[in-house]
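[1] With the input below, show me the fold.
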Amino acid sequence: MKDHRRRAPAGHTAGLALVLAVSLGAAGCAVGATEGTQDQSATVSASGEPQEAPASSPSPEAPGSPEAAPPSFDPGSVPVQPADQGQQEPTPEPVQVLYPEIDADLPVQPRGVASDGQMDIPDDAAQAAWYQYGNAPADDVGTTVISAHAGSEETPVGPLYALQDAQEGEEITVLDEAGTAHHYEVTQVEQLGKDGLDFAPYFERTGEHRLVLITCGGQWIDERGSYADNIIVVAEPLD
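    Numbering: from 1, shown residues only. Below is the predicted model:
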C-alpha cells in the first residue's frame, strides 16, 4: 500500500472549509452527463434545492462543460431510448468501487442528471455516483462512469481525492448488486482543465467496455469555489 501517495497537501482542509461557504454541491466538482432516458425522480441543483425533472424532457445528448451554465441544446432534438427498452431484463447495478492502491472504498448509488445539465453526484465525498443512463459493468459494452467529489463537509478529504495519484497498471474492482466482482486495470490517467472540457468521449455507450472514474483536482480557485481540473482515470477489463 503506497501510503505516501494518499496524504492531502498542507492547506487542503482549509481550502475545503471554504467550499462550505460557497456550496461545493454540483458546482464544485461537476461532471457532464450524456443522453438517456429522463430521470423521473427529483434531482438536486447546484444550489442544493430539489428540482423535479420534467417528464417530457430528455437528458442531454452530449456532456456539458463542468463550469458552464445550463446547456443550450434543443431538448426537442435529443433522441431518447425506445419505450420498449423498459421491458428488457435489468442489468445489475454497481454498488461498490474499490481501488486499493489509493485506499479508496466507496459505496456507489445510481444517479442521473441534475437540473443544471451536469451529472448528479452525492454531496458526501464518501459516496460515489454511477451514471445510471449509461452502461453497467455487466453490460460488457460501452463505458461505466463513476464519479465522486474530492471533498465535502461530511468528508473533507474524500476517497477519490487521491485519484490524481493513480498510475497505469493498478487494479480497480467494481462490485454489482448480483455479487459479481468486475476487475479493471488502469490504462490512462488524465488531469484536464474544466473550462471547455468535452465529456462526450467518456460517456460512450457503444464500443469496447471500460470503466471511467472522475473527480476534481488541480488548483483550488477561490472565486469559483471549485478546483480548476477534473481527474479522469480510464480502466480496461481484466476479466
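[2] For the chain, which segments count as helices?
    12-22, 25-28 (DSSP state H).
[3] Lowest mean pLDDT across those, which one is that?
    Among the helices of the chain, helix 12-22 carries the lowest mean pLDDT, at a mean of 33.
[4] which parts of stretch 201-215 are buried?
    Buried residues in stretch 201-215, counted by 16 or more other C-beta atoms under 10 Å: Y202, F203, E204, H209, R210, L211, V212, L213, I214, T215. Every C-beta, even on glycine, is put in place using the N, C-alpha and C of the backbone.
[5] pretty sure the fourth one is in contact with A138, am I right?
    Same thing as H209. No - look at H209 against A138 with C-beta atoms under 8 Å: they stay out of range, at 9.6 Å.
[6] need the buried residues of stretch 201-215 in a markdown table with pLDDT and distance to Y184, can you?
    Formatted as a markdown table, the buried residues of stretch 201-215 follow (pLDDT from 0 to 100; distance: C-beta to C-beta, whole Å):
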| residue | pLDDT | distance to Y184 |
| --- | --- | --- |
| Y202 | 89 | 15 |
| F203 | 91 | 17 |
| E204 | 91 | 16 |
| H209 | 96 | 9 |
| R210 | 97 | 8 |
| L211 | 97 | 5 |
| V212 | 97 | 10 |
| L213 | 97 | 9 |
| I214 | 95 | 14 |
| T215 | 94 | 16 |
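[7] And the furthest pair within those?
    H209 and T215 (21.3 Å; C-beta to C-beta).
[8] What segments of the protein are strands?
    Secondary structure of the chain, counting by DSSP state E: strands at 42-44, 50-52, 94-99, 104-111, 128-131, 143-147, 171-176, 181-193, 210-221, 226-237.
[9] mind putting the ones you listed in TSV, distance to P156 included?
    Below are the strands of the chain laid out as TSV (distance: least, C-beta to C-beta, whole Å):
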stretch	distance to P156
strand 42-44	20
strand 50-52	25
strand 94-99	19
strand 104-111	15
strand 128-131	17
strand 143-147	18
strand 171-176	23
strand 181-193	21
strand 210-221	13
strand 226-237	14
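[10] Comparing these, which yields the minimum mean pLDDT?
    Among the strands of the chain, strand 42-44 carries the lowest mean pLDDT, at a mean of 35.
[11] which non-adjacent residue is nearest L106?
    Nearest non-adjacent residue to L106, counting by C-beta to C-beta, 6 or more residues apart in numbering: A128, 4.4 Å away.
[12] And the pLDDT at the closest residue to S152 other than its chain neighbours?
    Sequence neighbours aside, A125 is the residue nearest to S152 in space, at 4.0 Å (criterion: C-beta to C-beta, 6+ apart). Listed pLDDT for A125 reads 95.
[13] do the one 10 residues further on as well
    Looking at N135, its pLDDT is 96.
[14] picking that back up, so who does the residue nearest to S152 touch?
    Going by C-beta atoms under 8 Å, 6 or more residues apart in numbering, A125 touches 148-152, 154-161.
[15] can we see that at 6 Å?
    A148, H149, G151, S152, T155, G158 (C-beta atoms under 6 Å, 6 or more residues apart in numbering).
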